[in-house]
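In: what's the 3D shape of this:
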Amino acid sequence: MKKSIFILFAFFMLLGLSSELNAQIKTPAPSPSSKTTQTVGLTDITVEYSRPSKKGREIFGNEGLVRYGETWRTGANKNTIVTFSDAVKVGGKDLKAGSYALYTIPGAEEWTVIFYTDYNNSGVPEKWDATKEAARLMVKPQTFPVEVETFLINIGNISMNSASLEIIWDNTLVEVPVEVDVDTKVMKDIERVLGGPSPADYYNAGSYYHESGKDLNKALEYVEKAVSKDPKFWQVRRKSLILADMGRYDEAITTAKQSLKLAQDAGNMDYVRMNEKAIGEWMSKAKGGKK
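Out: Now for the predicted structure:
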């Protein structure tokens, strides 16, 4: 009995020791991570980066923490990532929607700003690939009026169709102009909404009326509007189903044959088989078994 108690005690001691060895001690990060998203016009700009602090050090210069003429990850730890939800212009240069690593080469009179398509790096890539530069531009640094202790990337000067990606640290400010395309998106929405419902809108409305057991006449009206210009086999089949549920089997058969032909032309054999089966069932229900 004593031996069993001793073994059990030893087991729990080992279990406790193992838990202590596997436990992780969490401490504050020297350069905490940050993520900010700003909507500019109709485009979302997201910046993910780490924020080192000055801590009495010289930051930018030939002997600074961030040296002139050397490529910088523009932050600490993993490289900074900037994501645009739509295509934009940075410094007048086209940039597709997507995520980019933000690299900079600081200088006393001019900074090079680079948007790099490969953003899965921990810092600057060992082998730089110029073909992965989506945009490279030159920006003149400005003197910031107050000393900023902790590195900051801000999105400011926001208007309806532009903003500035601001890199701020110590007494240095670098502004990268960003332009977004608001007019194209708004005009498309205006044309879509003021142009009235699309065939897809009518089809969806008719399908809902049909499947939910609402007014079949209204369902038929909507689906007929959907197929009036450019009929699709699945839309015409819905019309045939509505007609059959209304007891109008002769019309349902004629419509199903149209859907069958369209499905054959499109190479969709599933709809061909469904229409063939429906036609056979409705023929037996049609008056006089009319074919």
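In: who are the packing partners of the strand ranked longest in the chain?
Out: The longest strand of the chain (DSSP state E) is strand 162-180. For strand 162-180, the packing partners by 3 or more C-beta pairs under 8 Å, 6 or more residues apart in numbering; DSSP states H and E come out as strand 33-40, strand 43-50, strand 60-61, strand 88-90, strand 111-116, strand 133-139, strand 142-156. Backbone N, C-alpha and C define where each C-beta goes, glycine included.
In: using CSV, list the CA coordinates for the first one.
Out: Extracted as CSV, the C-alpha positions of strand 33-40 are listed here (Å, rounded to 0.1, in the frame of the first residue of the first chain):
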residue,chain,number,x,y,z
SER,A,33,3.1,44.7,-33.1
SER,A,34,0.5,47.0,-34.4
LYS,A,35,-2.3,46.8,-37.1
THR,A,36,-4.2,49.7,-38.4
THR,A,37,-6.9,49.9,-41.1
GLN,A,38,-8.2,53.1,-42.7
THR,A,39,-10.8,53.5,-45.3
VAL,A,40,-9.9,56.1,-48.0
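In: list the buried residues in that strand.
Out: Buried residues in strand 33-40, counted by 16 or more other C-beta atoms under 10 Å: 34, 40.
In: next, the angle from that strand to strand 142-156.
Out: Regarding strand 33-40 and strand 142-156, their directions subtend 70 degrees when assessed with axes from the mean of the first three to the mean of the last three C-alpha atoms, to 10 degrees.
In: contact partners for the residue most central in space within the chain?
Out: Nearest to the mean C-alpha position of the chain, counting by C-alpha atoms, centre = their mean, stands residue 85 at 6.2 Å. Neighbour list for residue 85: 43, 44, 45, 97 [criterion: C-beta atoms under 8 Å, 6 or more residues apart in numbering].
In: again with residue 218
Out: 206, 209.
In: so it is in which element?
Out: Following DSSP states H and E, one finds residue 218 within helix 216-227.
In: tell me the angle of the next helix or strand after that helix relative to helix 216-227?
Out: Next along the chain after helix 216-227, taking DSSP H and E as the criterion, comes helix 233-245. Interaxial angle, helix 233-245 versus helix 216-227 (the same axes, to 10 degrees): 160 degrees.
In: chain center to helix 233-245: distance?
Out: 36 Å (C-alpha atoms, centre = their mean, to the nearest Å).
In: ok, residues contacting it?
Out: With C-beta under 8 Å, 6+ apart, helix 233-245 has contacts from 199, 203, 206-207, 210, 216, 219-220, 223-224, 226-227, 249, 251-253, 255-256, 258-260, 262-263, 266, 268, 271, 274-275, 278, 282.
In: and the average pLDDT for the helix holding residue 218 is what?
Out: Averaged over helix 216-227, pLDDT sits at 96.
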